[in-house]
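Enquirer: This is a predicted model, with the sequence first.
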Amino acid sequence: MISIVDDDESVREATLSLLRSHGFRAEVFSSAEEFLGSPYAKETKCLILDVQMPGMNGLELQKRLNGESPRIPIIFISAHESPEIRREALRAHAIDFLSKPFSEEALLRAIHSALERAP
């Protein structure tokens, strides 16, 4: 199970379509809170996560999830990348940090790397 958390509906739907076309099982969520409240949170093996969202942002969700076991591998995506945010996400064990728009190949590479590390 791959979960996509992004407040931008077009990004969610395009990413979902891409993943399903490659045979992945995936679900989408418009917020961190929606993801946390879903039954899919416990079975997620890779999380594709936007940084900037209303409510709980991606870094806050990462911090919360890092306190749980097993740790879900996270791939960050962001339209507003800053070197500080990138460093913070990667220091907190993110698998990758992709700038929007990202290539299909870059995302698929990151997903395969995340799934190799998934519990």
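Expert: Done, it's in.

Enquirer: residue ranges with poor pLDDT in the chain?
Expert: The chain contains residues with pLDDT under 70 at 119.

Enquirer: ranges for the helices of it?
Expert: For the chain, the helices defined by DSSP state H occupy 9-21, 32-36, 58-66, 83-91, 104-117.

Enquirer: In CSV, list those along with mean neighbour count and distance to Ile77.
Expert: Backbone N, C-alpha and C define where each C-beta goes, glycine included. Output for the helices of the chain, formatted as CSV (neighbours: other C-beta atoms under 10 Å; distance: least, C-beta to C-beta, whole Å):
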stretch, mean neighbour count, distance to Ile77
helix 9-21, 15, 7
helix 32-36, 18, 14
helix 58-66, 18, 9
helix 83-91, 13, 10
helix 104-117, 15, 8
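
Enquirer: mind putting those in TSV, distance to Ser3 included?
Expert: Listed next are those as TSV, based on distance: least, C-beta to C-beta, whole Å:
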stretch	distance to Ser3
helix 9-21	10
helix 32-36	6
helix 58-66	11
helix 83-91	17
helix 104-117	11
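
Enquirer: just so I know, which of those helices lies nearest Lys42?
Expert: Ranking those by their distance to Lys42 (criterion: C-beta to C-beta) puts helix 32-36 first, at 10.3 Å.

Enquirer: what number of residues lie near the nearest residue to Asn66 once chain neighbours are set aside?
Expert: In this structure, Asn66 finds its nearest non-sequential neighbour in Ala92, 6.0 Å apart by C-beta to C-beta, 6 or more residues apart in numbering. For Ala92, the count of nearby residues is 14 (other C-beta atoms under 10 Å).

Enquirer: Then Arg25?
Expert: With neighbours defined by other C-beta under 10 Å, the count for Arg25 comes to 11.

Enquirer: which residues touch the closest residue to it other than its chain neighbours?
Expert: Nearest residue to Arg25, sequence neighbours excluded (C-beta to C-beta, 6+ apart): Met1, at 5.3 Å. Contacts for Met1 (C-beta atoms under 8 Å, 6 or more residues apart in numbering) come out as Arg25, Ala26, Glu27, Tyr40, Glu43, Thr44, Lys45, Cys46.
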